[in-house]
Each structure stands twice: as C-alpha cells, then as structure tokens.
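1. Next one to model:
(chains A, B, C and D)
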There are 2 protein chains.
Amino acid sequence: MSIVRRENNRSEVILDAAALLFANRGFHKATIRDITGAVDMLPGSVYYHFESKAGILLAVYREGVRRVVESVEDHIAGVVDPWDRLTAAAVGHMEAILSPTAYARVIVMVRPGDVPELAAELTAVRDEYESLWRGLVADASPAIDHSLFRLFLLGAANSSQLWFRDDGRSPREIATALIDALRHPVGGAR
Amino acid sequence: MSIVRRENNRSEVILDAAALLFANRGFHKATIRDITGAVDMLPGSVYYHFESKAGILLAVYREGVRRVVESVEDHIAGVVDPWDRLTAAAVGHMEAILSPTAYARVIVMVRPGDVPELAAELTAVRDEYESLWRGLVADASPAIDHSLFRLFLLGAANSSQLWFRDDGRSPREIATALIDALRHPVGGAR
DNA sequence: CGTTAAAACAAACACTTGTTCAGTTAGGAG
DNA sequence: CTCCTAACTGAACAAGTGTTTGTTTTAACG
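-> Here you go, the predicted structure:
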C-alpha cells in the first residue's frame, strides 16, 4: 500500500534536455526523438512521465518563469531606491534569460502563439511574471506611459537573446546600459 | 523563338499568401498545402514557380526587407535634424513591421535560426538593413554605445509585434514614444 | 488552324511527426 | 524468494510533411 518512489527519477533529466532543445531550436523543430535521444531513451518512454509534447513545454515554461522570478527577486532584495531596483531587476532578468541553463531562455524563444492549445496558459504564466515588472516600473515612475515603458524595456531585454555572445558584454553590463539609456538624457536639445 | 510570358503570373499571389501565413504562424507551422490552399492550387504547383519552401521564404524575406527600407527612406527623406531623422525612421520601421501586408512582419516573426540552411543568407539580408540604422544612430550620437543603442531600439520596436493591437496606439505613436524614452530624461536624480 | 511552351493538375513518394500500447525489466516490499 | 509496480522498451500507427513525376490544360504565336 505504500508508494514506491525510486530516487532515480528521470523526469527532470528529460526536462533539462527538452529545455535545452526548445531554447536552441524552438518548440516545433525540437522533436520527441531529439529529446529522448539526448538522454538515451526511446521516443515512447517520455509518455510515461508526460502527457504530451505540449505538456513538456508547459513544465519547462513554468520552471523557466520560476527561475526568472527567483533571479529577479534575489537581485532586488534589499534595494530600496526605485531606479536601483529597476536596474537590479534588469540584471536579474538578463542573467536568467541569457543563462546557458536554458530554462529561462525558452520563455523568450517560444512564443505563446507557437502552441495554440497552450497559448492561453503560457500567456497567463508570462503575465504573472510581467505583473512583477508593473510594480517596479510604477515605483520608478518614469515620465512616459508605464505600460509602454515596460514593454519597451522587456522587448529590448529579451531581444538580446538574438545577438548576445559569451565573449562580448556580460548580461549585467547590458542590463545596466539598458536602464541607463532609459533613465538619462542621451539626446541633443530640441 | 519568341518568349511567351503570360501576364497572369501567379508567383506574386503565392508570395502574398506565403507572407501572410509565415507572418501569422511562422515558417514551420505554415505548410505548402496551407499556402496553395489559400490561392486555390495544388501542393505540387508551387514547385514550378519556386525551388523549395525555403526558396519561398527567402523571396518573402527579401521583399519584406525591401519594403521596410522603402518605408524608412520615405519617412526620413528631407528630414535633417539627426533626432528627427531617428524618430522618422522609427515611425517608418514600425509602420512597416506592423502592417497587415505581412511581408515586413515576416522579418520579425521568422528568425534566421529557424531555417538553418538559409540562416546565413537571411542574416546577411537583415544586416544590410540594420546598417542603415548604424548611420542613423551614429548621426544622433547618443551618449551610450552606438551598437547597444541600435540593438535596444530595434529590439524594443520589433517586440511590439507581440502586443500591438489595432484598437490601441498607432505605430506612429508607439515609435515616437520609443524614441522619446531614449532621448529625454525620465528618471530621478541619482 | 496547329504548334509550342507556360502553368497547373493528379497522384503518389519518401520521410518525419507525435503518439499508442502490449510486453519486458528492475528494484523495493512482504 | 515472490510479488508488485515503477520505468522503460520495441515496434508500430496514423497523420502530416516537403517534394517529384508524368500528364493535362491553357494561352500565345506563326
């Protein structure tokens, strides 16, 4: 009657492989065979652990968001000045979505619309994260519209995944430069 | 011996349909049958006009870039002040990539990495366009690194495709707000 | 008209996709 | 040891993919 749970649970291993492949190739180009091949399994075996391929993505996506949230909260902890908080949050965000761990990268790589059956749920998960930013932006109280400011900020940050290279600027430097660009005047007189 | 060229060339019709589908669903989720179905053809018929599915994408992509370039150049024509030029260019860019015509939207929707066989070529085409921005940014001469400034700017602009809605702010308003945010001080003292 | 080539059809091909499922293996419980 | 079941295999399936090929239709030209 007791539940038998072996410690050798490979569910997480599958998720790790899936996260890496989803992040690198996108959801559709990463096949079940790619994932199982990376962990020395057969295609059918994943269906003991997960309901479907979409189910794997959802799990990866949730974990990805969890890690970004964790990273951001770690960075802003104890920081009180609104703009310093914004910078800290940007650093946390950037480090997460550029991390080779790949979980957080999936959030940027696969767009909700890529998987129609999950679109609503993925958007909800993402929105929950963005609401964290709503507070951060509101506290810094920039001159322009808060909503646009947040969208521009996250848009610019996430796009870094397209051009970021390990031998270039660090995520921290990029994040700091981004907030600086939005905070301080850079243009000439009008 | 004379070349027979019918005026009823459906190549463009195919491209229009492909552009729309690529923009809405992405390259891999838009099938040849989707494209031909939209123009009342059979799957095999496109291979008279195009070498492959990737060939269609390349044609759409090139046309998309051509249209963005055209839009940007139209908007900056005659504008001399560097920051005004930047704003005008942003408006041109935004209107193009948010246009329902779909050609330019493909540039943002499908990333070079989505089609490995074409990655180099797509990147080259895109780079050619971005070099236009190199000049614009350099002329405005913002305080921060030109390269980062351009990447942030285009990243934020392109991400608007994810949240833009027809019943909200116009592309022009969004573009203007973006440049304004990067130009004027919005933050508190430090 | 008949000839010629453009343009599209019709039907398949070879392959990959996610998924299913009866059977096998292996480790903990009694 | 025996039983149980978590974990996985092996092999297939049905649907969908891009593409090819031989044939037919369509329109321009002499």
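
2. which residues in chain A form helices?
-> Under the criterion DSSP state H, chain A carries helices at the ranges A:11-25, A:32-38, A:46-49, A:53-76, A:82-97, A:103-109, A:119-140, A:146-163, A:171-183.

3. Report the buried residues of the second one.
-> Within helix A:32-38, the residues that qualify as buried are A:32, A:34-36, A:38, counting by 16 or more other CB atoms under 10 Å in any protein chain shown. Heads up, the C-betas are built off the backbone N, CA and C, glycines and all.

4. does chain B sit close to that helix?
-> No. Helix A:32-38 stays clear of chain B (CB under 8 Å from any CB of the partner chain), getting no nearer than 13.9 Å.

5. rewinding a little: just the buried residues of helix A:32-38 now: which is nearest DNA strand D?
-> A:Thr36 (7.0 Å; CB to the nearest atom of the strand).

6. most centrally placed residue in chain A?
-> A:Ala104 (3.2 Å; CA atoms, centre = their mean).

7. Identify each buried residue in stretch A:10-28, please.
-> Quick answer for stretch A:10-28 (16+ other CB under 10 Å): A:10, A:14-23, A:25-28.

8. Can you narrow those residues down to the ones near DNA strand C?
-> With the criterion set as CB under 7 Å from any atom of the strand, the members of the buried residues of stretch A:10-28 near DNA strand C are A:His28.

9. From the buried residues of stretch A:10-28, pick the one nearest chain B.
-> Lowest distance from chain B to those (CB to the nearest CB) belongs to A:His28, with 4.7 Å.

10. quick one: that closest one from B:Lys29, how far?
-> According to CB to CB, to the nearest Å, A:His28 stands 6 Å off from B:Lys29.

11. And A:Ala175, by the same measure?
-> From A:Ala175 to B:Lys29 the distance is 33 Å (CB to CB).

12. likewise A:Glu95?
-> 31 Å.

13. So if I had to pick from these two, which one is more boxed in?
-> Neighbour count, other CB atoms under 10 Å in any protein chain shown: between A:Glu95 and B:Lys29, A:Glu95 has more, with 20 against 16.

14. Quick one, grab the pLDDT at A:Ala140.
-> At A:Ala140, the pLDDT value in this model is 88.

15. show me the contacts for the nearest residue to it once chain neighbours are set aside.
-> Leaving out its chain neighbours, the residue that sits closest to A:Ala140 by CB to CB, 6 or more residues apart in numbering or on different chains is A:Pro82, at 4.2 Å. By CB atoms under 8 Å, 6 or more residues apart in numbering or on different chains, the contact set of A:Pro82 is A:136, A:139-141, B:188.

16. What does the pLDDT read for A:Pro82?
-> Reported pLDDT for A:Pro82: 94.

17. about what we covered before: just the closest of the buried residues of stretch A:10-28 to B:Thr87, please.
-> For the buried residues of stretch A:10-28, the residue nearest B:Thr87 by CB to CB is A:Gly26; the value is 33.9 Å.

18. related to what we said a few turns ago, cross-check the contact I'm expecting between the residue nearest to the centre of chain A and A:Ile97.
-> Yes. Applying CB atoms under 8 Å as the test, A:Ala104 and A:Ile97 come out as touching, 4.9 Å apart.

19. Next, show the common contact partners of these two.
-> Common neighbours of A:Ala104 and A:Ile97 (CB under 8 Å, 6+ apart) are A:Val68.

20. Near the residue in chain A that DNA strand D sits nearest to, how many other residues are there?
-> Nearest residue of chain A to DNA strand D (CB to the nearest atom of the strand) works out as A:Gly44 at 2.6 Å. As a burial measure, A:Gly44 scores 9 neighbours (other CB under 10 Å).

21. From A:Val60, how far off is it?
-> The separation that A:Gly44 has from A:Val60, given CB to CB, amounts to 20 Å.

22. next one: A:Ile97
-> From A:Ile97 across to A:Val60, the span is 14 Å (CB to CB).

23. on that earlier part again, out of the contacts of A:Pro82, which one sits closest to DNA strand C?
-> A:Leu136 (36.8 Å).

24. Hmm, that closest one is touching A:Ala90, no?
-> No. Here A:Leu136 does not reach A:Ala90: they are 9.1 Å apart, not a contact under CB under 8 Å.

25. Between the two, which has more neighbouring residues?
-> The residue with more neighbours, out of A:Leu136 and A:Ala90 and counting by other CB under 10 Å, is A:Ala90; that gives 29 against 19.

26. correct me, but the more buried one touches A:Ala181?
-> No. Using CB under 8 Å as the test, A:Ala90 is too far from A:Ala181 to be in contact (11.0 Å).

27. wait, does stretch A:165-181 contact chain B?
-> Yes. Shown here: stretch A:165-181 in contact with chain B (CB under 8 Å from any CB) through A:169, A:174, A:177-178, A:180-181.
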